[in-house]
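Visitor: show me the folded form of this:
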Amino acid sequence: MLRPAYSALPKRNPLSLPNQARVAVYVVVNIEHFTFGKLGTAIQPHLTTSPEIANYGWRDYGNRVGIWRLFELFAELGIPGTAALNAEMVELYPPILEGIRHHCWSVMAHGWNNSTGHSGLTRQAEEELIERSLSLLEKTVGFRPWGWLTPGFSVSENTFDLLRAAGIRYTADWVNDDQPYWLQTAAGPLLAIPYTLEANDITLCLSARLAAEAFAQALIAQFDQLWQEGERFPRIMAIGLHPFIVGQPLRVGSLKKALQHIRSRPQTWLTTAEGLYEWYAQACPAPEMT
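Guide: Model prediction:
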């Protein structure tokens, strides 16, 4: 796997967002299943006994309760949602799929489940895992997703070649830019849409342990800086969320505050990952393969 070619933002050709926007904001809600009995994202990492039910239960709260708060919040504010959806979710949690459909959220494939990464897999095993994930989503969601976010960023040397060969058009696996760019793969160009580890509730709420109000202020600060810079070079702002974190009662109000601030600013395009792909693919068509 080749790393993306270096590109300095000020040296790039001018880029224009729809409606003269300075910033395009897309919110990714990671909707995930963790296999019971395996360790996963934890709010109390010291709890490691087997079976470990405390952190599992905390994560499960997101699928039982938290996601519904987010559906309601996004609908109230008119914010489009991008669901990064584990394929196994559609079999295990049918009401969540119904909610995604009802609220017209965009769907980005997010692997099989969040306990199954791609690092260390043989090429054949990874190819089969990708196809199994995409085929199940296509069967149940009603279309084959255009985009992909690998669970836990656990990629292999073959991941991007295999994703493009499977029909994936964009990936959110790269967090190294404020603008999209084309990746060259053996199967053709694949668009890298900027994702984030910074404006992400795992980083802000779990790693940094920010209080709810500080979490909101961090998202606002991220947006305000990008909005200011976007006057010269338009930017993409991703917000990475998880129902078991921001869907908790103590945080959802602060998320609302941040989203209200973002929504209130002019020259701001609230969109989805798919919307970003459609815009960029037309504005900056994929280069010919070399």
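
Visitor: strands of the stretch 51-200 of the chain, start to end?
Guide: In the stretch 51-200 of the chain, the segments counted as strands under DSSP state E, counting those that start in this stretch are 81-85, 106-109, 147-148, 170-171, 181-185, 188-192.

Visitor: what strands flank the last one, and is each parallel or antiparallel?
Guide: In its sheet, strand 188-192 lies beside strand 170-171 (parallel), strand 181-185 (antiparallel), with partners assigned from DSSP bridges.

Visitor: do you know which of the strands of the stretch 51-200 of the chain lies nearest Ser7?
Guide: Evaluated with C-beta to C-beta, the strands of the stretch 51-200 of the chain place strand 181-185 nearest to Ser7, the distance being 6.5 Å. (Glycine included, C-beta is placed from N, CA and C.)

Visitor: what mean pLDDT does that closest one get?
Guide: Computed over strand 181-185, the mean pLDDT rounds to 96.

Visitor: show me what that strand is in contact with.
Guide: Contacts to strand 181-185, defined as C-beta atoms under 8 Å, 6 or more residues apart in numbering, come from residues 2, 4, 7, 160-161, 163-165, 171, 174, 189-192, 284, 286-287, 289-290.

Visitor: coming back round to it: for Leu17, find the nearest of the strands paired with strand 188-192.
Guide: Closest approach to Leu17 among the strands paired with strand 188-192 (C-beta to C-beta): strand 181-185, 15.3 Å.

Visitor: can you redo the strands of the stretch 51-200 of the chain as CSV with mean neighbour count and distance to Pro95?
Guide: What follows is the strands of the stretch 51-200 of the chain, written out as CSV (neighbours: other C-beta atoms under 10 Å; distance: least, C-beta to C-beta, whole Å):
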stretch, mean neighbour count, distance to Pro95
strand 81-85, 27, 14
strand 106-109, 26, 16
strand 147-148, 26, 23
strand 170-171, 26, 28
strand 181-185, 20, 36
strand 188-192, 19, 32
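
Visitor: need those strands in TSV with distance to Gly40, can you?
Guide: Rendered in TSV, the data for those read as follows (distance: least, C-beta to C-beta, whole Å):
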stretch	distance to Gly40
strand 81-85	15
strand 106-109	19
strand 147-148	20
strand 170-171	22
strand 181-185	28
strand 188-192	26
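
Visitor: those strands: which one's closest to Ala238?
Guide: In terms of C-beta to C-beta, the element of the strands of the stretch 51-200 of the chain nearest to Ala238 is strand 81-85, at 9.1 Å.

Visitor: tell me what the closest one is packed against?
Guide: With contacts defined as 3 or more C-beta pairs under 8 Å, 6 or more residues apart in numbering; DSSP states H and E, strand 81-85 has these neighbours: strand 23-31, helix 67-77, strand 106-109.

Visitor: can I get the ones you listed in JSON lines with mean pLDDT and distance to Asn13?
Guide: What follows is the helices and strands packed on strand 81-85, written out as JSON lines (pLDDT from 0 to 100; distance: least, C-beta to C-beta, whole Å):
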{"stretch": "strand 23-31", "mean pLDDT": "98", "distance to Asn13": "17"}
{"stretch": "helix 67-77", "mean pLDDT": "98", "distance to Asn13": "34"}
{"stretch": "strand 106-109", "mean pLDDT": "98", "distance to Asn13": "27"}
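
Visitor: quick check: which of these is nearest to Ser119?
Guide: Closest to Ser119 of the helices and strands packed on strand 81-85 is strand 106-109 (C-beta to C-beta; 17.3 Å).

Visitor: chain center to the helix or strand encompassing Ala258: distance?
Guide: With the criterion set as DSSP states H and E, the secondary-structure element containing Ala258 is helix 249-264. Helix 249-264 sits 18 Å away from the centroid of its parent chain (C-alpha atoms, centre = their mean, to the nearest Å).

Visitor: hmm, who's touching it?
Guide: Counting by C-beta under 8 Å, 6+ apart, helix 249-264 makes contact with 25, 27, 69-70, 73, 77-79, 201, 205, 212-213, 215-216, 219-220, 223, 241, 245-246, 268, 270, all of which sit outside it.
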